[in-house]
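**Student:** Need the 3D shape of this:
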Amino acid sequence: MLLSEHYQRPGWFTTHVFNRLVAALTRMGVSVVGSRMLEIKGRKSGEWRQTPVNLLRLESAEYLVAPRGHTQWVKNLRASGDGRLRVGRRVQPFTAVELTDDEKPRVLRAYLKKWKFEVGVFFGGVGPDSSDDELRRIAPDHPVFRLNKS
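**Tutor:** Coordinates of the predicted model:
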């Protein structure tokens, strides 16, 4: 039995105003609360795709979390295994390893502590103070990747 993947489509304001504003600032070299432009080759087209993301630094590692679920960038990153993060002219190539659901609670908690104001609505009432069990429950809906600098 195939279960449908969790995905929350962005609204008009997010697509046409917020993401464009964050993307423009990030391209100019201004990181908005950790924002980066994620660049990944499309799994079908082979063309570079860009989307703004929040880069989480936790202890000595960097992570990308998909608050909206199994998005196109998630599917492209799974297919390619690598990409680039950009702020202005600074480009950081990386390879990515997807975390298992059991590995996610610590990262999801840290992500929500930093960006709940922006993305909390996508986590179904689960927040940074939720139990590990609650974070594990939502973990399948939120892909998380650990980045390794190339």
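**Student:** Just name the shakiest helix or strand of the protein by mean pLDDT.
**Tutor:** Scoring the helices and strands of the chain by mean pLDDT, DSSP states H and E places helix 12-13 at the bottom, with a mean of 58.
**Student:** Can you list the buried residues in the lengthiest strand in the chain?
**Tutor:** Using DSSP state E to define each element, the chain has its longest strand at strand 48-58. By neighbour count with 16 or more other Cβ atoms under 10 Å, strand 48-58 contains the buried residues Gln50, Pro52, Val53, Asn54, Leu55, Leu56. In this view, the C-beta of every residue, glycine as well, is placed from N, C-alpha and C.
**Student:** what's the answer for stretch 75-85, then?
**Tutor:** Buried, per 16+ other Cβ under 10 Å, within stretch 75-85: Lys75, Asn76, Leu77, Gly83, Arg84, Leu85.
**Student:** which one among the buried residues of strand 48-58 gets closest to Asn148?
**Tutor:** Distance to Asn148, by Cβ to Cβ, is smallest for Leu55 among the buried residues of strand 48-58, at 13.5 Å.
**Student:** In terms of pLDDT, where does Ala24 sit?
**Tutor:** As predicted, Ala24 sits at a pLDDT of 71.
**Student:** Where do the strands of this protein begin and end?
**Tutor:** 35-41, 48-58, 61-65, 82-87, 90-98, 144-149.
**Student:** thinking again about what came up before, ok, the longest strand of the chain: who's next to it in the sheet?
**Tutor:** Strand pairing for strand 48-58, determined by DSSP bridges: strand 35-41 (antiparallel), strand 61-65 (antiparallel).
**Student:** Send me the shortest one as CSV with only the CA atoms.
**Tutor:** Read that as strand 61-65. What follows is strand 61-65, C-alpha atoms only, in CSV (Å, rounded to 0.1, in the frame of the first residue of the first chain):
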residue,chain,number,x,y,z
ALA,A,61,26.9,20.0,11.7
GLU,A,62,24.6,21.7,9.2
TYR,A,63,21.1,20.6,8.3
LEU,A,64,18.3,21.3,5.8
VAL,A,65,14.8,20.7,7.1
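**Student:** No more questions from me, cheers.
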